[in-house]
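Peer 1: I need the structure of the sequence given here:
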Amino acid sequence: MGAALAASVIGYKMYNKKHFNVESAAPASEISAIDLHQTFVTDSSLAKNKFIGDKNKQKVTKVNGEIAAIKEDQQGNTIILLKTNTDGAFINCTMEKKIQNISAGSTIAVKGICTGYNFDAEMGIPGDVILIRGFVIK
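Peer 2: Residues are numbered from 1 along each chain as shown. Next up is the predicted model:
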């Protein structure tokens, strides 16, 4: 009986938990796209500690950089790829809203949640740093 009550209370609190608002959150850190990517390449442990939060405490990062490309994923989300110093590697930003009036070659700042670094060393594929729930900062 006690376990069922505890589970009910926890479930109720999780269901009613306030949604984390990335757009209005103050960034925990600010960095250039080039430096963010380089940090993950050279010291992934440091990068994870500094830029990636956990499920209880999300870290917001503001990334400044030049747009390499703007795409759309299968769900219709806008994806902004920010240039790094590594050919074929980007800061891959999935945006929360449709983005207008920006183009490749423009310099912007994006605020979002960094979730990690995807790469495949065996296949020689350079990695992208992934940023989700992004917003363009004006």
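
Peer 1: going forward, measure contacts and count neighbours with C-alpha atoms only.
Peer 2: Noted.

Peer 1: helix or strand right after the helix or strand of the chain with the lowest mean pLDDT?
Peer 2: Across the helices and strands of the chain, the lowest-confidence element by mean pLDDT, DSSP states H and E is helix 2-15, at a mean of 56. Counting by DSSP states H and E, the next helix or strand C-terminal to helix 2-15 is strand 29-32.

Peer 1: Provide a list of residues in contact with the spatially closest residue to Ala25 that is not a sequence neighbour.
Peer 2: The shortest distance from Ala25 to any non-neighbouring residue, by CA to CA, 6 or more residues apart in numbering, is to Val60 (7.1 Å). By CA atoms under 8 Å, 6 or more residues apart in numbering, Val60 lies in contact with Val22, Ala25, Ala26, Pro27, Ala28, Ser29, Phe51, Lys111, Gly112, Ile113, Cys114.

Peer 1: okay if I get those residues as JSON lines plus neighbour count?
Peer 2: Converted to JSON lines, those look like this (neighbours: other CA atoms under 10 Å):
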{"residue": "Val22", "neighbour count": "20"}
{"residue": "Ala25", "neighbour count": "13"}
{"residue": "Ala26", "neighbour count": "13"}
{"residue": "Pro27", "neighbour count": "16"}
{"residue": "Ala28", "neighbour count": "12"}
{"residue": "Ser29", "neighbour count": "13"}
{"residue": "Phe51", "neighbour count": "21"}
{"residue": "Lys111", "neighbour count": "27"}
{"residue": "Gly112", "neighbour count": "26"}
{"residue": "Ile113", "neighbour count": "23"}
{"residue": "Cys114", "neighbour count": "27"}
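
Peer 1: which of those sits closest to Gly134?
Peer 2: Taking CA to CA as the measure, Gly134 sits nearest to Gly112 out of those, at 4.2 Å.
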